[in-house]
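**Student:** Could you work out the structure for the sequence below:
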Amino acid sequence: MQKNISSLILALAFVVVSCKNDDNRTCVSCTSPQTPAFEVCEESDGTASVNGENTGTSYDVYITGLVEAGASCGN
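**Tutor:** The predicted model follows:
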């Protein structure tokens, strides 16, 4: 019985720690001659969001496209 309780506690701890990192986002500020400053974030699923709206596009692809179009992005 005690082994089952220990296993359950360990499993719950793993779930809490695993899900805790799902909310982490990395964001950068971008500027462009054509637009006001805006924020691009990498969501936990690897997609880019702009000012809170998920684009459905890979973060790396989105940032590369912005830079190629003349935007400047950094922290």
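
**Student:** Contacts for the helix or strand where Y62 lies, please.
**Tutor:** Element membership of Y62, judged by DSSP states H and E, is helix 59-68. Identification of contacts with helix 59-68 by C-beta atoms under 8 Å, 6 or more residues apart in numbering yields V28, C30, S32, V40, E42, E43, G46, T47, A48, T55, C73. C-beta: built from backbone N, CA, C; applies to glycine.

**Student:** Please repeat the previous calculation with a cut-off of 6 Å.
**Tutor:** Identification of contacts with helix 59-68 by C-beta atoms under 6 Å, 6 or more residues apart in numbering yields C30, E42, G46, A48, T55, C73.

**Student:** Check which residues of it are buried.
**Tutor:** Neighbour-count burial for helix 59-68 flags Y59, Y62, I63, L66 (criterion: 16 or more other C-beta atoms under 10 Å).

**Student:** wait, what's in contact with the closest residue to C30 other than its chain neighbours?
**Tutor:** Once flanking residues are discounted, C30 sits nearest to C73: 4.0 Å by C-beta to C-beta, 6 or more residues apart in numbering. By C-beta under 6 Å, 6+ apart, the residues touching C73 are V28, C30, I63.

**Student:** Name the residues linked to the second one by a beta bridge.
**Tutor:** Taking DSSP bridges as the rule, C30 bridges to F38, C73.

**Student:** ok so, going back, turn the contacts of helix 59-68 into TSV, including pLDDT and distance to N24.
**Tutor:** Converted to TSV, the contacts of helix 59-68 look like this (pLDDT from 0 to 100; distance: C-beta to C-beta, whole Å):
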residue	pLDDT	distance to N24
C30	97	20
E42	97	9
G46	97	12
A48	98	15
T55	97	18
C73	95	19
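
**Student:** Drop anything exposed from these.
**Tutor:** The buried subset of the contacts of helix 59-68 - by 16+ other C-beta under 10 Å - is C30, E42, A48, C73.

**Student:** Report the separation between the first one and N54.
**Tutor:** Relative to N54, C30 is positioned 16 Å away (criterion: C-beta to C-beta, to the nearest Å).
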